[in-house]
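Undergrad: quick one, what's the 3D model for this:
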Amino acid sequence: MVSCPIQLRMNDLDVFNHVNNGAQCHILDYGRTQFFEKTLGEHIDWLTFDLVLVHIDMDFKEPIMIHDDIVCETEILEIGTKSVRLEQRLRDVLSGAVKTISHSVAVSINREAGHDAKPTSKPLSEEYVEKFKNEIKQK
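TA: Numbers count the residues shown, from 1 in each chain. Have a look, this model is predicted:
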């Protein structure tokens, strides 16, 4: 599991003074990026990185407030032939409460076809599979 601290900002708030659902999507994006960079040991260039998000769901368990001390925890649940299934939690550091939980799927795509072609999936690289398996073993 990779855990990263989250800095909440005033523009993350909605009219109820909760961290907006859309802002939470951005937070989860940041958490996934941190997860991939730490697990794969490389800086992610999103113009060439071959894993793309194809599914996400979110359950909002408790509201997140501006002064909450939040971390984003990301871990792999399953490694497929062409995809990985992730779980992410936005957790309050002080109480330990999970505020939001998300499940997502990232698929390996063939970027060789170019930007104008319809993207097609491809098998995960052996290097990524090994690094993802090592991450699961560390749980």
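Undergrad: count of neighbours near residue 124?
TA: Residue 124: 21 surrounding residues under other C-beta atoms under 10 Å. For the C-beta atoms, the positions are set from N, CA and C on the backbone; glycine is no exception.
Undergrad: actually residue 55, sorry about that
TA: With other C-beta under 10 Å as criterion, residue 55 counts 12.
Undergrad: how much space between the nearest residue to it once chain neighbours are set aside and residue 136?
TA: Leaving out its chain neighbours, the residue that sits closest to residue 55 by C-beta to C-beta, 6 or more residues apart in numbering is residue 105, at 4.2 Å. For residue 105, the distance to residue 136 equals 16 Å [C-beta to C-beta, to the nearest Å].
Undergrad: please identify which of those two sits among more neighbours.
TA: Just comparing residue 105 and residue 136: by other C-beta under 10 Å the higher neighbour count belongs to residue 105, 18 against 14.
Undergrad: isn't the more buried one up against residue 79?
TA: No. Counting by C-beta atoms under 8 Å, residue 105 stays clear of residue 79, with 11.3 Å between them.
Undergrad: quick check: beta-bridge partners of the spatially closest residue to residue 57 that is not a sequence neighbour?
TA: Take residue 57 and drop its neighbours on the chain: the residue closest to it by C-beta to C-beta, 6+ apart is residue 103, 5.4 Å away. Under the criterion DSSP bridges, residue 103 forms beta bridges with residue 57, residue 87.
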